[in-house]
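K.L.:
Okay, sequence plus prediction incoming.
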Amino acid sequence: MNIYIANAIVLPLFFTWFIPNVIRDPKSGEYKGFRNSAVAVQFVFLLIIESYLLVGEQGMSLLTIFRIAFNIAFAFSFALLFVKYTQKQLFGNEFKMEVKRRGQE
């Protein structure tokens, strides 16, 4: 499969489904943040996919490493934008990047 077609399928899935579901609660819309194990799993999974696609097609080089880093940063950035602009429509409140601690209202 061509890497451009594969990335055209994989990256939108990550920034519209996988990453938003781990940085906010899918039921309440509460922001959970990027400091949780589910985000780390998504990061590693995306790193493996991108490495497999890009290193397999272009070989290991500094440019390939930059492309992998760019694709991962692109996915996480657009996931955050997706969450920000769909929050009000889905949950009826504004998106705030504040992680609620236990006991804090």
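P.N.:
Received, thanks. Residues are numbered from 1 along each chain as shown.
K.L.:
which stretches of the chain have low pLDDT?
P.N.:
For the chain, the stretches with pLDDT under 70 are 1, 101-105.
K.L.:
Kindly recompute the last result at 90.
P.N.:
1-4, 6, 24-36, 56-58, 83-105 (pLDDT under 90).
K.L.:
If you count residues, where's the longest helix of it?
P.N.:
helix 62-91 (DSSP state H).
K.L.:
Give the other helices and strands that it contacts.
P.N.:
Other helices and strands packing on helix 62-91, by 3 or more C-beta pairs under 8 Å, 6 or more residues apart in numbering; DSSP states H and E, are helix 3-13, helix 19-23, helix 37-58. In short, each C-beta sits where N, CA and C put it, glycine included.
K.L.:
can you put the ones you listed in a markdown table and add mean neighbour count?
P.N.:
Listed next are those as a markdown table, based on neighbours: other C-beta atoms under 10 Å:
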| stretch | mean neighbour count |
| --- | --- |
| helix 3-13 | 14 |
| helix 19-23 | 20 |
| helix 37-58 | 15 |
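K.L.:
quick one: which of those is nearest residue 96?
P.N.:
helix 19-23 (12.6 Å; C-beta to C-beta).
K.L.:
who touches that closest one?
P.N.:
31-34, 36, 38-39, 41-42, 75-76, 79-80, 82-83, 86 (C-beta atoms under 8 Å, 6 or more residues apart in numbering).
K.L.:
Return the set of buried residues in the longest helix of the chain.
P.N.:
Under the neighbour-count criterion of 16 or more other C-beta atoms under 10 Å, helix 62-91 has 64, 67-68, 71-72, 75-76, 78-80, 82-83, 87, 91 buried.
K.L.:
Quick one: distance of that helix to the chain centre.
P.N.:
Offset of helix 62-91 from its chain centre (C-alpha atoms, centre = their mean, to the nearest Å): 5 Å.
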